[in-house]
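A.B. asks: Curious how this folds, go ahead:
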Amino acid sequence: MNTNESIMKQVALKGAIKLTKDKFDIDQDINQQLEVIKNISNNLFSYLYNLDGNLKFYKNQTRYIFKRSLKNEKISDFFTDKKKTIVDPQSLWLKKDLRDFVYDNLNSSEMNNSSLFNPKKIKEHYDNFLKGKINTSFQIFNILTTINFFRTFKKNI
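C.D. replies: Numbering: from 1, shown residues only. Okay, the predicted model is just below:
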């Protein structure tokens, strides 16, 4: 995709979002508003779904085209509710109930003979996580998943 196509797609997306906002600003009854949203949402979803992957995830940034298209906009104009999250006990499990399981995996032959991981650094990372110096279990969980994936499918890591 060349730069002009990319810019055109960004402009089209921004226009679709502004059109959605403008449609809300018009005093219409709720059924008409819902129909407009449905049509725009379906078209926008289809359009975005079919974009090249590098426009959806660019330079390690997710939702790139969405963020880029709203770069000069006041986000609160589009979103009124705070994001609701679901509490995930993964961190608690990896610190307590699964601690032995984690250490077994980190001390496994697969990990110690790995060309993919640096076992010493990962053990230090896990120890820092246990001490509360790192507040997310995301990386540890991904490492455990990777170790067990390769173990299950008999691949060397």
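A.B. asks: what are the ranges of the helices in this structure?
C.D. replies: Along the chain, counting by DSSP state H, helices occupy 3-25, 30-49, 53-56, 64-69, 90-95, 99-106, 109-112, 119-130, 138-152.
A.B. asks: thought L106 was touching I122?
C.D. replies: Yes - at 6.2 Å, L106 counts as touching I122 under the criterion of CB atoms under 8 Å. In this view, the C-beta of every residue, glycine as well, is placed from N, C-alpha and C.
A.B. asks: Now tell me what touches stretch 133-152 from outside.
C.D. replies: With CB atoms under 8 Å, 6 or more residues apart in numbering as the contact definition, stretch 133-152 has outside contacts at 90-91, 94-95, 102, 105, 108, 110-111, 116-117, 122, 125-126, 128-129, 156-157.
A.B. asks: Give me the buried entries from the residues you listed.
C.D. replies: Buried members of the contacts of stretch 133-152, counted by 16 or more other CB atoms under 10 Å: 91, 94-95, 102, 105, 110-111, 117, 122, 125-126, 129.
A.B. asks: Format the residues you listed as JSON lines; extra columns: pLDDT.
C.D. replies: As requested, these are exported to JSON lines (pLDDT from 0 to 100):
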{"residue": "S91", "pLDDT": "87"}
{"residue": "L94", "pLDDT": "90"}
{"residue": "K95", "pLDDT": "92"}
{"residue": "V102", "pLDDT": "93"}
{"residue": "N105", "pLDDT": "91"}
{"residue": "E110", "pLDDT": "83"}
{"residue": "M111", "pLDDT": "86"}
{"residue": "F117", "pLDDT": "86"}
{"residue": "I122", "pLDDT": "91"}
{"residue": "H125", "pLDDT": "92"}
{"residue": "Y126", "pLDDT": "93"}
{"residue": "F129", "pLDDT": "92"}
